[in-house]
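Colleague: Can you look at this prediction? I've put the sequence above it.
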Amino acid sequence: MCQKVSNLHPGGPHEYYERLLAYLDWAAYAVDRLDALISSADLDRLVLTKRHDQLLAGLDSFTIGTTQRLVNQLVSAEIRQRTAAFTAAAETLGQELQQWQLSGLPVVADSSFYIHHPDKLEDTDFSGLLGIRGAFVHLMVPMVVVDELDQLKESKAPQARWRARYTLAVLDRLFQKSTEHAVLREVDAEELRTTGLRRGEVTVQLLFDPPGHVRLPINDDEIVDRALAIKPLSGREVTVLTYDTGQAARARVAGLRDLKLSMPVGDEPEQHKASKKNPPSKERGVEVPAGRVCGQVDSSVNDS
């Protein structure tokens, strides 16, 4: 893709209208090839720019002779910028692919996991949860999850509030000096020495929103979207850890591996049991006790 756009300048057509058509042909080809591979925001950033839209909209009017020089300048500028953008994207992709070759099993956990799991983050046996003892695990934390934990710091529920603050404190400590991968649990040194395998190691990565990224309106969908973006880079199955039924269902439908954890349901609350024994009257009217007139009925009475 990068080579095709760079070939348009300076070795492409020299007549201004031919250059314009060649550029628009390349843009249509790029959209066709990339549409299913990258997000709409990335497609707009790399191909469907504002200048592309302007050139496409003015295609018919650009046949006027006085506009030739302007069209040439616009096309040349756009080709240079698209070449630079695709070159940078290719370099970034190459670096990410190289990093993933050294990473463990990819796991994404939503905020419910950090709040409700019996073990706090530093004590969690991730390889045990995955059913692969001693596995090398790479935990990814989308920024939308960090934002949810930031909100939960002010929760009225003491456990949720403490877990949110604790988890954020751990992440803050891990990424004090770098925003790259951090080590949550060190590799088993003896295992590494004898087998060369990084058993037991847990690394953590913050998944920042890409430039120009627009988050999906539902956070569960956003978490799935970020996990899906990692799947082709890692070349492995991505596991979503959650206590939420909706999050697990979304991950499963999207083709991700979901690990739906659960908490004990416990006994039915006594108040609910009592209400079932004494069902409310089916009549919608309010019975006024003797000696009272309408308007003096207690305010606690419910219409329903």
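Modeller: Looks like it came in fine.
Colleague: and stretch 228-237, how far from the chain's centre?
Modeller: 12 Å (CA atoms, centre = their mean, to the nearest Å).
Colleague: same thing with stretch 19-27?
Modeller: 33 Å.
Colleague: and it, which residues are buried?
Modeller: Neighbour-count burial for stretch 19-27 flags 19, 20, 22, 23, 26, 27 (criterion: 16 or more other CB atoms under 10 Å). From N, CA and C alone the C-beta is placed, and that goes for glycine too.
Colleague: Could you do stretch 213-222 as well?
Modeller: Neighbour counts over stretch 213-222 (16+ other CB under 10 Å) mark 213, 219, 220, 221, 222 as buried.
Colleague: Let's see which of the residues you listed end up in helices.
Modeller: Mapping the buried residues of stretch 213-222 onto helices (DSSP state H) picks out 219, 220, 221, 222.
Colleague: Export those as JSON lines, with columns for distance to residue 148.
Modeller: Shown next, in JSON lines, are these (distance: CB to CB, whole Å):
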{"residue": "219", "distance to residue 148": "6"}
{"residue": "220", "distance to residue 148": "10"}
{"residue": "221", "distance to residue 148": "13"}
{"residue": "222", "distance to residue 148": "10"}
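Colleague: Nearest to residue 265 among those residues?
Modeller: Nearest to residue 265 out of those is residue 220 (CB to CB; 21.8 Å).
Colleague: Skip the chain neighbours and tell me the closest residue to the closest one.
Modeller: residue 247 (4.7 Å; CB to CB, 6 or more residues apart in numbering).
Colleague: so what's that neighbour scoring on pLDDT?
Modeller: Residue 247 is assigned a predicted lDDT (pLDDT) of 97.
Colleague: Confirm that residue 134 lies within a helix, as I assumed.
Modeller: No: going by DSSP: H, G, I helix; E, B strand; the rest coil, the assignment for residue 134 is coil, not a helix.
Colleague: My guess is it contacts residue 127. True?
Modeller: Yes: counting by CB atoms under 8 Å, residue 127 is a contact partner of residue 134 at 5.7 Å.
Colleague: ok, these two, which is more surrounded?
Modeller: It is residue 127, of residue 134 and residue 127, that has more neighbours when counted by other CB atoms under 10 Å, with 21 against 14.
Colleague: State the helix or strand in which that one lies.
Modeller: Counting by DSSP states H and E, the element that carries residue 127 is helix 126-130.
Colleague: Going by contacts, tell me the helices and strands next to that helix.
Modeller: Judged by 3 or more CB pairs under 8 Å, 6 or more residues apart in numbering; DSSP states H and E, helix 126-130 is in contact with strand 105-109, strand 137-142.
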